[in-house]
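Participant: The sequence and its predicted three-dimensional model are supplied below.
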Amino acid sequence: MEVKDALAEIINGTEELFIRARDKGHAESMRVTAFNIRRRMPEQITGNIGIQAICDKGIFFLRVFNRGMDGAEIFVRDKETGELIPAPEVQSSEMKRIIELMKKDGKTEEEIKEALSNV
């Protein structure tokens, strides 16, 4: 599948597509190509097309997606397993400060989660 075909699929209702790249440089090159193709499209369409170069489990991809779903599912990479997992809820700056102070006090992650689950 070519980049232009992936963009057409998104316009036609596909939520997201991943095109495997040879390496990081190839993924970035496809990303730039996708941006250039999108730029030549009508503005009414381009606002719905998202473009990203990503790496999952050491494999590089170009992700083309419908922005209408962007943000619906946010993932982060687990530091221990390397797997993509659902991201924790965004915390306020006040909550982040509380967590930092608890860590400085020597609390474990489990103790922090337990204490904050009662908040």
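Facilitator: That came through fine.
Participant: How many residues are close by residue 54?
Facilitator: 14 (other C-beta atoms under 10 Å). The C-beta positions use only the backbone N, C-alpha and C, and glycine is treated the same way.
Participant: Secondary structure element holding it?
Facilitator: strand 49-56 (DSSP states H and E).
Participant: and that strand, which residues are buried?
Facilitator: 49-51, 53 (16 or more other C-beta atoms under 10 Å).
Participant: can I get the residues you listed in TSV with distance to residue 21 and pLDDT?
Facilitator: As requested, those are exported to TSV (distance: C-beta to C-beta, whole Å; pLDDT from 0 to 100):
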residue	distance to residue 21	pLDDT
49	18	88
50	17	89
51	13	93
53	8	94
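Participant: Can you pick out the most distant pair from those residues?
Facilitator: 49 and 53 (14.6 Å; C-beta to C-beta).
Participant: Could you chop this structure up by domain?
Facilitator: 3-88, 89-119 (automatic domain parsing).
Participant: right, so those: which one is the most enclosed?
Facilitator: Most buried of the domains of the chain, by mean neighbour count (mean count of other C-beta atoms under 10 Å): domain 3-88, with a mean of 14.
Participant: what about it, distance to the chain center?
Facilitator: Relative to its chain's centre, domain 3-88 lies at 8 Å (C-alpha atoms, centre = their mean, to the nearest Å).
Participant: Show residues contacting the strand holding residue 54.
Facilitator: For strand 49-56, contacts defined as C-beta atoms under 8 Å, 6 or more residues apart in numbering pick out 7, 10-11, 18, 21, 24, 27-28, 30-31, 34-35, 38, 41, 60-67, 70, 84.
Participant: for stretch 13-24, same thing?
Facilitator: 1, 3, 6, 9-10, 27, 30, 53-55, 59-66, 69.
Participant: Ok, stretch 106-117 next?
Facilitator: In contact with stretch 106-117 (C-beta under 8 Å, 6+ apart) are residues 95, 98-99, 102-103.
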